[in-house]
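Participant: I would like to see how this sequence folds:
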Amino acid sequence: MRNKIDDLIPKAHEIQKQAALKEAEKAEEHAKRAAAIEAEKRALIERLSKPSGLTEDEKVKLASTVIQRAVRNGLSEVQVYRFPNSLCSDKGRAINQMEAGWEKTLTGIPKEIYQLWADYLQPRGYRIRYQIVDYPGGMPGDIGIVIAWGD
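Facilitator: Below you'll find the predicted structure:
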């Protein structure tokens with residue numbers, strides 16, 4: 001009977017070893033996933049920090065499409081973009097404080113959108129608003145870009 005019990009019920013220290021190995025595997029898998037997510041995020045931020053590569057005509061057509069779709073849906077403004085605050089040279093501080101010259105902190109695609117607005121939309125009466133849209137841990141997070149045309 002003794003041998004049967006040993007086969008059926010392993011010793012506690014053996015179970016503890018198995019559990020520790022499982023925990024280590026889980027932790028390693030979690031660390032790999034976290035590293036992959038972080039690498040993906042860095043690659044995205046790198047891509048967004050560079051110019052889009054679109055021509056001026058393509059940008060204007062894209063803006064027109066977005067605005068026309070919003071108008072058809074009865075809207076008087078539309079969020080056209082959302083980006084991490086790391087695409088601002090000051091992590092969004094000037095936008096959050098609504099400081100004069102905040103637009104000088106923009107880089108990459110957010111800067112392109114601002115320039116498109118200044119060149120083509122502002123002269124036609126459109127407004128633009130860059131605002132912090134979330135506060136993870138109480139700190140400024142992502143920034144949304146809103147184009148508006150109503151009162």
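
Participant: Mind jotting down where the helices sit in this protein?
Facilitator: Per DSSP state H, the chain carries helices over the ranges 2-8, 12-48, 56-72, 93-97, 108-116.

Participant: Now tabulate the ones you listed in JSON lines and tack on distance to Ile147.
Facilitator: All C-beta atoms are positioned from the backbone trio N, CA, C, and that covers glycine. Formatted as JSON lines, those follow (distance: least, C-beta to C-beta, whole Å):
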{"stretch": "helix 2-8", "distance to Ile147": "70"}
{"stretch": "helix 12-48", "distance to Ile147": "18"}
{"stretch": "helix 56-72", "distance to Ile147": "7"}
{"stretch": "helix 93-97", "distance to Ile147": "16"}
{"stretch": "helix 108-116", "distance to Ile147": "9"}
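
Participant: Could you say which of the ones you listed is packed most deeply?
Facilitator: Highest mean neighbour count among the helices of the chain (mean count of other C-beta atoms under 10 Å): helix 108-116, with a mean of 19.

Participant: Domain ranges for the chain, per the record?
Facilitator: Here the domain assignment for the chain is 2-48, 56-148, based on automatic domain parsing.

Participant: rank these by mean pLDDT and give me the bottom one.
Facilitator: Lowest mean pLDDT within these: domain 2-48, a mean of 79.

Participant: ok, residues contacting stretch 139-151?
Facilitator: 63, 66-67, 76-85, 87-88, 91-93, 95-96, 110, 113-114, 117, 121, 125-135 (C-beta atoms under 8 Å, 6 or more residues apart in numbering).

Participant: could you redo the last one with a cut-off of 7 Å?
Facilitator: 67, 76-85, 91-92, 95-96, 110, 113, 117, 121, 125-135 (C-beta atoms under 7 Å, 6 or more residues apart in numbering).

Participant: same deal with stretch 98-115?
Facilitator: Here stretch 98-115 has contacts from 48-52, 80-81, 83, 87-90, 94-95, 128, 145, using C-beta under 7 Å, 6+ apart.
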